[in-house]
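> I'd like to go over a predicted model; first the sequence, then the structure.
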Amino acid sequence: MYDCHMHCEHSHDSRTPVDDVVNIAIKNGLKYIAFTDHFDRDYLYDNSMDAKVRQLDMENHVNSILDVKKKYSGIIDIALGLECGYSTSSKQDYCEILQTIPVDIVLNSVHTIGGIDCYYKEYYEGIDKRQAYEKYLKEVLASVNVDYDYNVISHLGYVCRRAPFDDKVMSYGDYTDIIDEILHAMLRRDVSLELNTHTKGLDVPFLPYTSIIDRYIQLGGEQFTFGSDSHMTNRIGEKYDDVKRYLQSKGIKYINSYMAKVCRKHLL
Ligand SMILES: [Zn+2]
Ligand SMILES: [Zn+2]
């Protein structure tokens, strides 16, 4: 198992100590884990609702992950990661800051649109499902084309997690043009599509919805990562087998991990 998306107490929404994550990962047989803690510069702009949320202590994050990398060397591969929350206003910050950090893997995520995390009900006020999902997908498209280097497009379909609609599904067929633009842009940049198993509240084992994954494969896409997006130790590596089985059923042979921003391919 290779888990490319995990959080520890360095993130504002996790209390799990770094060593606890590592020890459970070793116990569960993972070969690789990435500490991709929240780097939310998007919270600093656009009158964000999250302006007061604790920001990542970068120096502590870098030093403590580099320490555990050494400490557990030969037992488990540990990557220094970041989950960068994209927004138009914050993208310049990432361009400058990412260059200065010896990061192994960068996740490109969209949480916030116009200062509101689409986790909050306020995001959906006064708009219908199509508007809510299109606004989100446009932001994802902008994020795919950013100037800074990243390795993975994370949890495509994040907006569905807390959507207040009976039918939360984001089907490829309903958003064909914009999803094709996103997938083509990803193929041009040769970045990975994450299968993210943090899907509480949805009746699928992972995101994106399979119609979107299938379209990516149809277009020639074959770069995938697995991400549990765990914030507590009980979710580390969760539903890896579902992801593995699904990709195998589609004829995909490899799953990726990243070290020093270099893609490594592992036989499924
Ligand atoms: Zn996220
Ligand atoms: Zn995350």
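Arrived safely. Ligands and ions are numbered 1, 2, ... in the order given.
> Can I take it that H5 is in a helix?
No: using DSSP: H, G, I helix; E, B strand; the rest coil, the assignment for H5 is strand, not a helix.
> Can you list phi and psi of L107 for me?
L107 adopts backbone torsions of phi -90, psi 140, taken as degrees, to the nearest 10.
> swap that for R188, please
Torsion angles at R188 (phi, psi; degrees, to the nearest 10) stand at phi -60, psi -40.
> cool, and L219?
phi -80, psi 0.
> Repeat that for A79.
For A79, the backbone dihedrals (degrees, to the nearest 10) come out as phi -110, psi 140.
> Same question for the one 4 residues further on.
The phi and psi torsions at E83 (degrees, to the nearest 10) take the values phi -110, psi 110.
> Please report the distance of the residue lying closest to N47 once chain neighbours are set aside from D180.
Nearest non-adjacent residue to N47, counting by C-beta to C-beta, 6 or more residues apart in numbering: G115, 5.0 Å away. The way it works is simple: take the backbone N, C-alpha and C, and place the C-beta from them, glycine included. When distance is defined by C-beta to C-beta, to the nearest Å, G115 is 28 Å away from D180.
> Please determine how far I65 is located from S211.
In this view, I65 and S211 are 36 Å apart by C-beta to C-beta.
> What of Y172?
From Y172 over to S211 the distance is 4 Å, taken as C-beta to C-beta.
> Compare these two (neighbour count), which wins?
Between Y172 and S211, Y172 has the larger neighbour count (other C-beta atoms under 10 Å), namely 19 against 15.
> quick one: that one and I179 touch, right?
Yes: applying C-beta atoms under 8 Å as the test, Y172 and I179 come out as touching, 5.5 Å apart.
> Which neighbours do the two have in common?
By C-beta atoms under 8 Å, 6 or more residues apart in numbering, Y172 and I179 have these common neighbours: I212, R215.
> Past the strand or helix carrying I78, which element shows up next along the chain?
Remark: I78 resides in strand 77-85, with elements defined by DSSP states H and E. Next in sequence after strand 77-85, counting helices and strands by DSSP H and E, comes helix 91-98.
> Would you mind pulling up the elements that that next one packs against?
Using 3 or more C-beta pairs under 8 Å, 6 or more residues apart in numbering; DSSP states H and E, the elements in contact with helix 91-98 are strand 77-85.
> what is the orientation angle of the strand it packs on with helix 91-98?
Angle, strand 77-85 to helix 91-98, by axes from the mean of the first three to the mean of the last three C-alpha atoms, to 10 degrees: 160 degrees.
> tell me the mean pLDDT for strand 77-85?
Across strand 77-85, pLDDT averages out at 98.
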